[in-house]
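Novice: pasting a predicted model and its sequence here:
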Amino acid sequence: MADQTSTGLPRSIEAAWGLGERPSRGPKPGLTLDRIVAAAITVADTEGLDALSMGRVAKELGSSAMSLYRYVTAKDELLALMVDAGFGAPPEPMPEDWRAGLTCWARAEFMALITRPWLVQVPITGPPVTPNQLGWLESGLKSLSRTGLDAGAKMSAILLVTGYSRNAATLAIQIVAPPGEQIMPDYAAVLRKLIDPDTFPELTAVVDSGIFDADDDHSAEFDFGLDRILDGVAALLPAKGEAATE
């Protein structure tokens, strides 16, 4: 079980906030929580999340696995800290207009996820408690601060947008053509062999339109979906919120 503190959080999470004390027994000089997290990220970036273990991180540091446990008592803690460092701080400065701000926020999250694909593989086990993750939440909420939405609607909007960003990033990461190949043109060729216009008239029309003749632009697809979500958020704005953003 993770070593709990007065905050109810593991000591490693408190340490990420600059709280608590440095372990006093036996760590090698120079071994710090930041170095451990950075080494773990290096492993995930270069070898994938499946390769990550306390032993592998210790090897990266030239240390022993037991020395790591003085700083991080469970792999779940390490993953949470990796996600926090992997995302980094939220984008600044943010546009004042709520829609432009939330668009910037969502695009930044999407880019962070596709830049480090292992981020979407880390299970979400609860609400955010680490410094950068709460910084992202604060930044998203700040974009909505002058909309007139109540607290519940703001949080729901943020959850909707971040969920969309994660889903879009997951698709972009998983649907990747091998070098020198394209997915959608091959898909269109297969569909033309499988379907007929009598049984699949709508799908036939889509294939014949030529939109599958080149692979998707993930950024354009992302922006299209995000715009539709923000259209829905805009529909919730009270009159005074709309006036405040003009």
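Specialist: Arrived safely. Source: prediction; values computed, not measured.
Novice: contacts and neighbour counts: CA atoms only from here.
Specialist: Will do.
Novice: which residues touch the spatially most central residue of the chain?
Specialist: Most central in the chain under Cα atoms, centre = their mean is residue 113, positioned 4.6 Å from the mean C-alpha point. The contact partners of residue 113, taken as Cα atoms under 8 Å, 6 or more residues apart in numbering, are 87, 119, 120, 166, 169.
Novice: okay, the residues you listed in CSV with pLDDT, distance to residue 211 and neighbour count next?
Specialist: Formatted as CSV, these follow (pLDDT from 0 to 100; distance: Cα to Cα, whole Å; neighbours: other Cα atoms under 10 Å):
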residue, pLDDT, distance to residue 211, neighbour count
87, 97, 34, 19
119, 98, 31, 23
120, 97, 28, 16
166, 97, 25, 18
169, 96, 21, 25
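Novice: start from the N-terminal end of the protein and give the helices.
Specialist: 11-16, 33-47, 54-61, 65-68, 75-87, 98-115, 131-143, 151-174, 183-194, 201-209, 218-236, 239-245 (DSSP state H).
Novice: now those in JSON lines, with distance to residue 124?
Specialist: Converted to JSON lines, these look like this (distance: least, Cα to Cα, whole Å):
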{"stretch": "helix 11-16", "distance to residue 124": "16"}
{"stretch": "helix 33-47", "distance to residue 124": "17"}
{"stretch": "helix 54-61", "distance to residue 124": "20"}
{"stretch": "helix 65-68", "distance to residue 124": "23"}
{"stretch": "helix 75-87", "distance to residue 124": "9"}
{"stretch": "helix 98-115", "distance to residue 124": "14"}
{"stretch": "helix 131-143", "distance to residue 124": "12"}
{"stretch": "helix 151-174", "distance to residue 124": "11"}
{"stretch": "helix 183-194", "distance to residue 124": "30"}
{"stretch": "helix 201-209", "distance to residue 124": "36"}
{"stretch": "helix 218-236", "distance to residue 124": "22"}
{"stretch": "helix 239-245", "distance to residue 124": "32"}
